[in-house]
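Peer 1: Provided below are the primary sequence and the corresponding predicted coordinates.
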Amino acid sequence: MHWAQSSGGSVQILAIVQPQNFNAFGGVQATIEEEARDRAEAIATSAAGNVFSESGKMPAIAVKVGEASRIVRDYLADHPDVKWWIPIALGDSHRGFPVVATNDSYLAHYRYGQDQALSLWDREVAGWKVGKINPPHSEVLGANRLAGPIFADSVQRETDGLAKFTIFGGGFAAVEAEFMLRLKVLDEALPKTPREAMRWIDEVRIGLEIASSPYAGINADGPCVTISDHGNNAGILLGRIVPEEMWGTLNCVPVSVRIDDTVVGSATTADMLDGPFGAVCFLLQNLADRGVGLRSDWWISSGAITGVHEIRPGQQIGASFGEIGSVAISTTTYGE
């Protein structure tokens, strides 16, 4: 809204009523659909009022009934001037009818939101995190991964002492055991397979990703909210180097995470989509589509191996990566 105000742009609100796959009696069906449309219009009108009060600009409102992916795709095709695409809600419904939704067209446009926000910060980007989008969101969005920046001032290396990370008390915080890959930019076509991606990496380390946000519902509200908060990354820990001869057999490395004295997850990268190097393929193409130039030495946090484990300030977290070694951190909260 502030961007539209300062740039002279306009705001449009698209509310979508997506029918469910069931049939009621004709009159009843029509009544429910009409009620859902009225609710969508009421939501959009309320949002428009909020936009007007903040920016002085009254948005144009459109209410469409039908399959969300088609409506969003057609709307963006008919409005090529749209630069930011921000979902208001994902899953709001009236008697089983989703009211506002989005699809992979959002992921093609979210770069404007995340990248515009990055341009307003003076924090150096030291790499990128890759996260998994789980069903049903992956089916709605047409994508199974997302990306977000890792800031240089949030990167720590394992030392003799226990690394300490600051998280939001009362908000959301979690830890993930991951392989951290360092990018080596090549003057050739982007990799299409995990094996090709290995050539684009010059170092692999074991590590932890810390996620934290002052908004406690960031994960529960879905990937679009996560994306808008820079992927919910609060830092990474870089541990021991993984010997290059082991890169092709990372699926065989047993990984486990403990919080204080309790093991909370165990798995291998075989349980991940197409593994850490598959995450590299996704990220490089994602950044290219967004017009982000690649830089050697960027770190890639390749995705949770054992899951996303919620944590609290004051806890100690450790992860074991088989014979490679282990990493550990402690946590504190802002103001301590």
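Peer 2: Yep, that arrived.
Peer 1: Let me see the domain layout of this protein.
Peer 2: According to automatic domain parsing, the chain is divided into the following domains: 2-102, 123-333.
Peer 1: which of these has the lowest average pLDDT?
Peer 2: Ranked by mean pLDDT, the domains of the chain end with domain 2-102 in last place, scoring a mean of 67.
Peer 1: name the helices or strands packed onto the helix or strand Leu283 falls within?
Peer 2: For Leu283, the element it lies in under DSSP states H and E is helix 275-290. With contacts defined as 3 or more C-beta pairs under 8 Å, 6 or more residues apart in numbering; DSSP states H and E, helix 275-290 has these neighbours: helix 104-119, strand 125-132, strand 145-151, strand 172-183, helix 194-198, strand 201-213, strand 299-301. From N, CA and C alone the C-beta is placed, and that goes for glycine too.
Peer 1: what angle separates the third one from strand 125-132?
Peer 2: Read it as strand 145-151. Taking axes from the mean of the first three to the mean of the last three C-alpha atoms, to 10 degrees, one finds that strand 145-151 is oriented at 150 degrees with respect to strand 125-132.
Peer 1: So which bits of the helix or strand that strand 145-151 is followed by are buried?
Peer 2: Of the helices and strands lying after strand 145-151 in sequence (DSSP H and E), the nearest is strand 155-157. Of the residues in strand 155-157, those scored as buried under the neighbour-count criterion (16 or more other C-beta atoms under 10 Å) are Val155, Gln156.
Peer 1: Check stretch 138-156 too.
Peer 2: Within stretch 138-156, the residues that qualify as buried are 138, 140-151, 154-156, counting by 16+ other C-beta under 10 Å.
Peer 1: Quick check: the gap between Ala279 and Ala267.
Peer 2: Spatial separation of Ala279 from Ala267 under the definition C-beta to C-beta, to the nearest Å is 15 Å.
Peer 1: ok, these two, which is more surrounded?
Peer 2: Between Ala279 and Ala267, Ala279 has the larger neighbour count (other C-beta atoms under 10 Å), namely 29 against 16.
Peer 1: Hmm, Ala304 and that one touching each other?
Peer 2: No - assessed by C-beta atoms under 8 Å, Ala279 is found out of contact with Ala304, at 10.6 Å.
Peer 1: Need the residues that contact the helix holding Leu283.
Peer 2: Contacts with helix 275-290, where a contact means C-beta atoms under 8 Å, 6 or more residues apart in numbering, come from 108, 111, 115, 128, 130, 145, 147, 178-179, 181, 183, 190-198, 200-201, 204, 247, 250-251, 269, 272-274, 294, 300, 302-303.
Peer 1: which secondary structure elements does the helix or strand harbouring Val263 contact?
Peer 2: Taking DSSP H and E as the definition, one finds Val263 inside strand 262-267. The elements that strand 262-267 packs onto, with contact taken as 3+ C-beta pairs under 8 Å, 6+ apart, are strand 255-259.
Peer 1: Within its sheet, name the partner strands of the strand it packs on and how each one runs.
Peer 2: Using DSSP bridges, strand 255-259 pairs in its sheet with strand 262-267 (antiparallel), strand 316-321 (antiparallel).
Peer 1: quick one: the first one to chain centroid distance?
Peer 2: Its chain's C-alpha centre and that of strand 262-267 lie 23 Å apart, by C-alpha atoms, centre = their mean, to the nearest Å.
Peer 1: Use 24 as the first number for this chain going forward.
Peer 2: All set: I'll call the first residue 24, so the last point we hit is now strand 285-290.
Peer 1: angle of that strand against strand 195-206?
Peer 2: Using the same axes, to 10 degrees, strand 285-290 lies at 40 degrees relative to strand 195-206.
Peer 1: who touches strand 285-290?
Peer 2: Ala200, Pro277, Val278, Ser279, Val280, Arg281, Ile328, Thr329, Gly330, His332.
Peer 1: Now with 10 Å, please.
Peer 2: Counting by C-beta atoms under 10 Å, 6 or more residues apart in numbering, the neighbours of strand 285-290 from elsewhere in the structure are 198-200, 277-282, 327-334, 340-343.
Peer 1: Show me the beta-bridge partners of Val40.
Peer 2: Beta bridges link Val40 to Val88, judged by DSSP bridges.
Peer 1: count of residues packed around it?
Peer 2: Counted with other C-beta under 10 Å, residues neighbouring Val40 total 26.
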